[in-house]
Each structure stands twice: as structure tokens, then as C-alpha cells.
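Undergrad: kindly return the folded structure for what I paste below:
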Amino acid sequence: MNNSLSLLQVYSQVEGNIVSDMDGEKVMLSIQNGKYYNLGEIGGEIWDQIKQPKGMEEIVEYLQTQYDVSKEECTEQVTAFLEQLLAEGLIKIENA
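TA: Residues are numbered from 1 along each chain as shown. Here you go, the predicted structure:
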């Protein structure tokens, strides 16, 4: 898989999104594509984590301090979420 996310990559937000909290969940409007997204509670935490460029391992470690989840399951879920954000053009990847 060439497009597969890697632990060696660093992820960060793309500019131009309006994000707000609604009942503990983050919702976002992408100015670029005009779509609304409900990031949810955990997705919102991941989004907050990548305000500054951050690696997958750092994101997973942070979430493990917040939630009772195994490293494997957390890595799987974070990877899936970041892949969705990447597909929508909401984040960018930089090599560490």
C-alpha cells in the first residue's frame, strides 16, 4: 500500500477549517470543499493534537492516557481516522 500511513510520518491540520464544539463533540466546516464534518469526541481530540505537527505514536500515547484502549486498537482507530481526514484533504503529511 503506497498510500498507507506510517509511524514515521508527522501529521498536521490544513488551514482553512472552522471548528466548533457542540455538546462535547467537534464539528468542522471545510472552507475549501464546503463540507461539514462531525469529528466526534475522540476525533476532536485527535484534531486538537495535530494543531502542531505530531507523529502517530505521540497521538496514540496521548489517547491511551485519556481512554482505556490497547495500543493496537488505538493505533488502528487513529490510522483509520487520519486516512479519512487525508482523503478529504483536511490534513497534510510530513516525513519526520
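
Undergrad: ok, the residue nearest to Trp47 when sequence neighbours are not counted - contacts?
TA: Nearest residue to Trp47 in three dimensions, chain neighbours excluded: Leu39, at 5.5 Å (Cβ to Cβ, 6 or more residues apart in numbering). Glycine gets a C-beta too; all of them are placed from N, C-alpha and C. Leu39 is in contact with 19, 25-28, 46-47, counting by Cβ atoms under 8 Å, 6 or more residues apart in numbering.

Undergrad: and the strands in this structure?
TA: Remark: strands assigned in the chain by DSSP state E are 9-13, 17-22, 25-30, 36-39, 54-55, 91-95.

Undergrad: could I get those as JSON lines with mean pLDDT and distance to Lys71?
TA: Shown next, in JSON lines, are the strands of the chain (pLDDT from 0 to 100; distance: least, Cβ to Cβ, whole Å):
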{"stretch": "strand 9-13", "mean pLDDT": "94", "distance to Lys71": "18"}
{"stretch": "strand 17-22", "mean pLDDT": "93", "distance to Lys71": "27"}
{"stretch": "strand 25-30", "mean pLDDT": "94", "distance to Lys71": "24"}
{"stretch": "strand 36-39", "mean pLDDT": "95", "distance to Lys71": "22"}
{"stretch": "strand 54-55", "mean pLDDT": "94", "distance to Lys71": "14"}
{"stretch": "strand 91-95", "mean pLDDT": "88", "distance to Lys71": "21"}
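
Undergrad: low-confidence stretches in the protein?
TA: Residues of the chain meeting the criterion pLDDT under 70: 1-4, 96.

Undergrad: scan it for its longest helix.
TA: helix 71-87 (DSSP state H).

Undergrad: buried ones in that one, by neighbour count?
TA: 74-75, 77-79, 81-82, 85-86 (16 or more other Cβ atoms under 10 Å).

Undergrad: distance to Leu63 added to the strands of the chain, as CSV?
TA: Output for the strands of the chain, formatted as CSV (distance: least, Cβ to Cβ, whole Å):
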stretch, distance to Leu63
strand 9-13, 14
strand 17-22, 18
strand 25-30, 15
strand 36-39, 14
strand 54-55, 12
strand 91-95, 16
